[in-house]
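In: Quick one, fold the following:
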Amino acid sequence: MTGLTAARSLHSICDLACLANCGECWAPPHVPCLRGSRGTKGYHIARFARARRRGLISAADLTAVLDDVEVLGNSTVVYDGKPEVPA
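Out: Below is the predicted model of the structure:
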């Protein structure tokens, strides 16, 4: 019998996904794809997919990220925290 792995927190998943380069905007490792006006970091779905293929995040982690996405595409952005409204 195989055990199920619980997903990490969104912050942890984003940190791990950031170790891969982004396949959408080509941001290098350790650099977010986008940065909100108040420092909120954003990452393209393509980056999470690459992180999954490289074994940086688990299937449960990727599923947790995708469960909260309303529109799905490589250029869809997931924010590490709530996106800030520009001041």
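In: show me what contacts A20?
Out: Going by C-beta atoms under 8 Å, 6 or more residues apart in numbering, A20 touches 29, 47, 50-51, 54, 56. Placement of C-beta: from N, CA and C, glycine included.
In: how far out from the middle of the chain is the lowest-mean-pLDDT helix or strand in the chain?
Out: Ranked by mean pLDDT, DSSP states H and E, the weakest helix or strand in the chain is strand 34-35, scoring a mean of 88. Its chain's average C-alpha position is 12 Å from that of strand 34-35, according to C-alpha atoms, centre = their mean, to the nearest Å.
In: For the following helix or strand past that strand, which helices and strands make contact with it?
Out: Next along the chain after strand 34-35, taking DSSP states H and E as the criterion, comes strand 41-44. Contacts defined by 3 or more C-beta pairs under 8 Å, 6 or more residues apart in numbering; DSSP states H and E place strand 41-44 against helix 10-17, strand 34-35, strand 77-79.
In: could you redo the last one with a cut-off of 6 Å?
Out: Judged by 3 or more C-beta pairs under 6 Å, 6 or more residues apart in numbering; DSSP states H and E, strand 41-44 is in contact with strand 77-79.
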